[in-house]
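# sequence isn't available, so here's the structure alone:
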């Protein structure tokens with residue numbers, strides 16, 4: 001990547017302006033260009049994103065992104081019914097897996113959250129998307145991107161009320177960004193806006 005603009009965009013060798021973080025390492029390019037901010041609606045796909053955002057807490061997202069294939073293998077492709085059926089032996093197996101982040105509280109939360117998600121009468125996607133705000137203009141600069149919003153605070157509160165763990169307001173907002181509930185690509189980013 002080359003030039004960094006005042007807005008926080010980076011212009012790469014392909015001449016495209018991207019959000020600065022999207023061009024900070026080659027591993028981020030496909031994630032930024034093709035996935036981040038695109039609407040995700042499936043229960044299992046949203047469970048994956050929720051789980052990975054929780055595992056990211058206190059770490060760099062690039063760490064989780066690089067380990068995502070191992071996470072998918074370890075967590076049965078993030079199938080909610082499969083993970084909800086995981087036993088203590090599975091938790092022990094996960095804690096021995098060097099391909100994932102081995103944090104017992106986060107592993108236990110993932111298994112617990114799968115059980116909670118499995119019991120939602122209308123599914124995880126319906127619950128999460130009910131907190132998506134109306135479309136708004138893209139932020140002009142990185143400084144204009146919030147860490148939390150009233151919607152993410154309300155979502156985190158509802159998730160906690162329903163028994164979910166490790167999904168506070170900041171994690172809830174990161175989930176909303178990653179799954180296209182909000183569009184926080186910077187205004188000059190080449191990725192076209194996509195409405196849910």
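Alright, I've got the coordinates. The structure presented is a predicted model; accordingly, all values stated were derived computationally and were not measured.
# what about the helices in the chain?
28-30, 43-56, 61-74, 80-84, 88-95, 104-118, 124-129, 150-161, 169-178 (DSSP state H).
# mean pLDDT, mean neighbour count and distance to residue 194 for those helices - can I get that in TSV?
Glycine gets a C-beta too; all of them are placed from N, C-alpha and C. Output for these, formatted as TSV (pLDDT from 0 to 100; neighbours: other CB atoms under 10 Å; distance: least, CB to CB, whole Å):
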stretch	mean pLDDT	mean neighbour count	distance to residue 194
helix 28-30	95	16	16
helix 43-56	98	22	16
helix 61-74	98	16	20
helix 80-84	98	19	25
helix 88-95	98	14	34
helix 104-118	98	19	25
helix 124-129	98	20	14
helix 150-161	98	18	18
helix 169-178	98	22	13
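# of these, which is nearest residue 141?
Closest to residue 141 of those, according to CB to CB: helix 169-178, at 15.6 Å.
# elements contacting the closest one?
Secondary structure elements in contact with helix 169-178, counted by 3 or more CB pairs under 8 Å, 6 or more residues apart in numbering; DSSP states H and E, are helix 43-56, helix 150-161.
# that older thread, would you turn the helices of the chain into TSV with distance to residue 15?
Formatted as TSV, those follow (distance: least, CB to CB, whole Å):
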stretch	distance to residue 15
helix 28-30	14
helix 43-56	30
helix 61-74	24
helix 80-84	42
helix 88-95	43
helix 104-118	40
helix 124-129	35
helix 150-161	34
helix 169-178	25
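# what about stretch 124-143, how long is it end to end?
From its first residue to its last, stretch 124-143 covers 31 Å (CA to CA, to the nearest Å).
# and it, what's buried?
Within stretch 124-143, the residues that count as buried by 16 or more other CB atoms under 10 Å are 124-125, 127-129, 131-132, 138-139.
# closest one to residue 179 among the helices and strands packed on helix 169-178?
Nearest of the helices and strands packed on helix 169-178 to residue 179, taken as CB to CB: helix 43-56 at 5.4 Å.
# how far away from the center of its chain is the closest one?
Taking CA atoms, centre = their mean, to the nearest Å, the mean C-alpha location of helix 43-56 is offset from the chain mean by 6 Å.
# one more: stretch 90-104?
20 Å.
# ok, stretch 172-188 next?
9 Å.
# need the contact list for the closest residue to residue 22 other than its chain neighbours.
Excluding its sequence neighbours, the residue lying closest to residue 22 (CB to CB, 6 or more residues apart in numbering) is residue 32, at 3.0 Å. Contacts of residue 32 were listed using CB atoms under 8 Å, 6 or more residues apart in numbering, and they are 18-19, 21-23, 191.
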